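Asks: Structure here, sequence nowhere to be found:
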């Protein structure tokens with residue numbers, strides 16, 4: 001989809017947040033350097049991103065030290081150039097989430113994880129969004145609040 005198919009950046013941001021199956025998770029790594037890893041994600045009904053992470057992974061260990069993260073999500077590109085697809089970066093804090101609350105929804109989006117979702121070294125983590133930054137196309141960018149991504153309210157494209 002393109003920004004022209006939506007009436008607002010809020011609508012496009014919400015669409016990307018709920019459509020994305022994978023994202024690039026940025027955590028604070030060794031020596032304070034950013035560490036980015038690819039993670040599977042599913043959105044809860046209100047849009048909250050949930051990830052299934054291994055307790056053995058570097059990003060999970062980083063989260064335990066500092067729960068502040070960035071998560072880059074992209075809509076599925078319709079053309080050859082992935083930079084023409086809309087993308088949304090959300091920042092916030094990650095917290096462990098009770099498996100019973102999110103397991104079924106996650107498996108609908110990622111049936112391939114059924115073979116290890118219940119393994120002892122995996123757990124669900126949810127991202128409490130603080131803010132978002134949407135890039136829809138050249139010159140079409142917008143900062144979004146958590147409320148705009150998860151709640152209600154109107155917002156139109158910024159004047160150029």
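Replies: Structure received. Just so you know, these numbers come straight off a predicted model, no measurement behind them.

Asks: low pLDDT regions in this protein?
Replies: 1-7, 138, 152-160 (pLDDT under 70).

Asks: how about the strands in it?
Replies: For the chain, strands defined by DSSP state E occupy the ranges 22-28, 34-43, 49-54, 68-74, 87-97, 122-137, 140-145.

Asks: how close does residue 37 sit to residue 132?
Replies: According to Cβ to Cβ, to the nearest Å, residue 37 and residue 132 sit 20 Å apart. All C-beta atoms are positioned from the backbone trio N, CA, C, and that covers glycine.

Asks: How about residue 74?
Replies: Taking Cβ to Cβ, one finds residue 74 at 13 Å from residue 132.

Asks: if I look at the two, which residues touch both of them?
Replies: Jointly contacting residue 74 and residue 132 under the rule Cβ atoms under 8 Å, 6 or more residues apart in numbering are residue 88.

Asks: Looking at these two, which one has more neighbours?
Replies: Neighbour totals were compared for residue 74 and residue 132, and residue 132 leads with 26 against 19 (other Cβ atoms under 10 Å).

Asks: pretty sure the more buried one contacts residue 92?
Replies: No. With contacts counted by Cβ atoms under 8 Å, residue 132 stays clear of residue 92, the gap being 9.1 Å.

Asks: what do those two both touch?
Replies: Residues touching both residue 132 and residue 92 by Cβ under 8 Å, 6+ apart: residue 146.

Asks: and the spatially closest residue to residue 25 that is not a sequence neighbour, bridged to which residues?
Replies: Spatial nearest neighbour of residue 25, chain neighbours left out: residue 39 (4.6 Å); criterion: Cβ to Cβ, 6 or more residues apart in numbering. According to DSSP bridges, the residues that bridge with residue 39 are residue 23.

Asks: just residue 51 next, same as before
Replies: Going by DSSP bridges, residue 51 is paired in beta bridges with residue 41, residue 125.

Asks: In contact with residue 36, which residues?
Replies: 24-27.

Asks: most surrounded residue in these?
Replies: The most neighbours of any of the contacts of residue 36, using other Cβ under 10 Å, belong to residue 25, which has 26 neighbours.

Asks: and the gap between that residue and residue 151?
Replies: 24 Å.
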